[in-house]
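Participant: Provided below are the primary sequence and the corresponding predicted coordinates.
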Amino acid sequence: MRRAVPVIVVSGFLGAGKTTMVNHLLRSRSGARIGVVVNDFGDVSIDALLVAGAVDGAVRLGNGCICCTADADTLGEVLGGLVAPAAGLDAVLVETSGLAEPAAVARMVIATADPRIGYGGLVYLVDAENLDALRPDNPEIDRHIALADLLVVNKVDRVDARTRDRVLDGVRALNPTAAVVATVDGAVDPGLLLDIPDDRDTGPRQLELADLLVAGDDETGHDDHHHAHTRYESLSVTADRPLHPRRLAAFLERPPAGVYRIKGVVELAGADRHRLVVHAVGGLLDVTTAPGRRASAQRSVRQSDLVAIGAGMDAPTVRATLQELETRTDETVDAQAALGVTRHLRTPTPRRAGAQT
């Protein structure tokens, strides 16, 4: 079963750099196909116009705040069109208005019933240059920071080192578990947010608008890659013994500080062992069965491979936690333990009557 397309909510106060970050991701030459849903507050969709030349699929959700003008069903319909297999998208970005309530938007994505849609996390941009001036009149900023899965402290080139460090420390104090990156012009590594495809067909295809935008960058000498930015971290572990389901579920639902995404193929311990593909962002799991999904107790155990991706992680702590997921030789696992992970199993999309195979 194909993994659900991750839908990433990009939020932040007015002027924080959301569109700049979205455009950076679209220009990144990562090979990933990205769809964008843009929500503007105003009569003219300026942000939508800015990204329209770079996006594989763009939809505007009308005037006003997305959390006020669209419910989960409406957003689900829009996203359903973008995640259709024919679109071949690797991820969808929902860029909210600077006045939107990011938690409400994230809840709408999570509430969509379409199994092809997966929650890709709440990314919140912080304006390092103007944060101090904005907070007194906009106390909701602190609450939004505390809710984010990934915090992008943008415009660090416009402040001195002391201010930059103070803003970063303040952000971490408000949200001690989120991954935090400092950026110039929103230049976030695409690999932090999404899986970079390594098997993209390089044969003849229709020219996309994104190709034209990148070509224009080459001609003008403009390229987002020249901006310095904090790279993400990736830690992996391979286990030769099956993983304890309860410890794995706890790790996926409550990962160590600085971890943004977790992915892997795992073998769960128990009398009826399961082999699963797992993805987790913000404590939410996307679980599917792996090929050869079960291994009988008589067969040799196959390896489990897990990768934790984030920024500002305590690498020794994360690696030790990963290694502790293995069952010990003297450990027994009860029959109900696997439910902590298997309850997140995604079911296939029901086939419509009359649909052809």
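Facilitator: Looks like it came in fine. Numbering: from 1, shown residues only.

Participant: Kindly tell me how buried residue 316 is, as a neighbour count.
Facilitator: 9 (other C-beta atoms under 10 Å). Every C-beta, even on glycine, is put in place using the N, C-alpha and C of the backbone.

Participant: I'd assumed it was in a helix, is it?
Facilitator: Yes - Residue 316: assigned to a helix according to DSSP: H, G, I helix; E, B strand; the rest coil.

Participant: any idea how far it lies from residue 116?
Facilitator: Going from residue 316 to residue 116 by C-beta to C-beta, to the nearest Å gives 37 Å.

Participant: Likewise for residue 334?
Facilitator: Distance from residue 334 to residue 116, counting by C-beta to C-beta: 34 Å.

Participant: between these two, which one's more packed in?
Facilitator: It is residue 116, of residue 334 and residue 116, that has more neighbours when counted by other C-beta under 10 Å, with 18 against 10.

Participant: Nearest residue to the more buried one in space, ignoring adjacent ones along the chain?
Facilitator: Counting by C-beta to C-beta, 6 or more residues apart in numbering, residue 116 lies nearest to residue 83, which is 4.5 Å off, once chain neighbours are set aside.

Participant: Quick check: the one you found touching residue 90?
Facilitator: No - when contacts are counted by C-beta atoms under 8 Å, residue 83 is not listed as touching residue 90 (10.3 Å).

Participant: in the stretch 1-150 of the chain, what spans have low per-residue confidence?
Facilitator: Confidence mapping of the stretch 1-150 of the chain against pLDDT under 70 gives the ranges 1-2, 29, 40-50, 52-55, 62-72.

Participant: Please enumerate the strands of it.
Facilitator: Secondary structure of the stretch 1-150 of the chain, counting by DSSP state E, counting those that start in this stretch: strands at 5-12, 34-40, 57-63, 91-95, 117-127, 150-154.

Participant: Generate TSV for these, with distance to residue 308 and mean neighbour count as supplementary columns.
Facilitator: Output for those, formatted as TSV (distance: least, C-beta to C-beta, whole Å; neighbours: other C-beta atoms under 10 Å):
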stretch	distance to residue 308	mean neighbour count
strand 5-12	16	27
strand 34-40	23	26
strand 57-63	30	17
strand 91-95	19	26
strand 117-127	14	26
strand 150-154	14	28
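
Participant: now those strands as a markdown table including distance to residue 137?
Facilitator: Compiled in a markdown table, those are given as follows (distance: least, C-beta to C-beta, whole Å):
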| stretch | distance to residue 137 |
| --- | --- |
| strand 5-12 | 16 |
| strand 34-40 | 22 |
| strand 57-63 | 24 |
| strand 91-95 | 23 |
| strand 117-127 | 14 |
| strand 150-154 | 20 |
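
Participant: Tell me where the longest helix sits in this protein.
Facilitator: helix 161-174 (DSSP state H).

Participant: tell me which strands and helices it is in contact with?
Facilitator: Other helices and strands packing on helix 161-174, by 3 or more C-beta pairs under 8 Å, 6 or more residues apart in numbering; DSSP states H and E, are helix 140-147, strand 150-154, strand 179-182.

Participant: in that helix, what counts as buried?
Facilitator: Neighbour-count burial for helix 161-174, counted by 16 or more other C-beta atoms under 10 Å, picks out 164, 167, 168, 170, 171, 172, 174.

Participant: Disregarding residues adjacent in the polypeptide, which is nearest to the first one?
Facilitator: Okay, so that is residue 164. Residue 164 sits nearest to residue 156 (C-beta to C-beta, 6+ apart), 4.8 Å away.

Participant: In this structure the one you found contacts residue 126, no?
Facilitator: No - if you go by C-beta under 8 Å, residue 156 and residue 126 don't touch, sitting 9.9 Å apart.

Participant: which one is the residue nearest the centre of the chain nearest to, not counting chain neighbours?
Facilitator: Nearest residue to the geometric centre of the chain (C-alpha atoms, centre = their mean): residue 120, 3.3 Å. Spatially, and ignoring its direct neighbours in sequence, residue 120 is nearest to residue 6 (3.1 Å; C-beta to C-beta, 6+ apart).

Participant: Overlap of the contact sets of residue 156 and residue 126?
Facilitator: Residues touching both residue 156 and residue 126 (C-beta atoms under 8 Å, 6 or more residues apart in numbering) are residue 167.

Participant: quick one: residue 161 from residue 128, how far?
Facilitator: Counting by C-beta to C-beta, the gap from residue 161 to residue 128 is 11 Å.

Participant: Now for residue 16: which residues touch it?
Facilitator: So residue 16 contacts 98, 125, 126, 127, 154 (C-beta under 8 Å, 6+ apart).

Participant: Find the nearest non-adjacent residue to the third one, please.
Facilitator: Closest residue to residue 126 in three dimensions, ignoring its sequence neighbours and counting by C-beta to C-beta, 6+ apart: residue 153, at 4.8 Å.

Participant: which residues are in contact with both of residue 83 and residue 90?
Facilitator: Going by C-beta under 8 Å, 6+ apart, residues that sit against residue 83 and also against residue 90 are residue 5.
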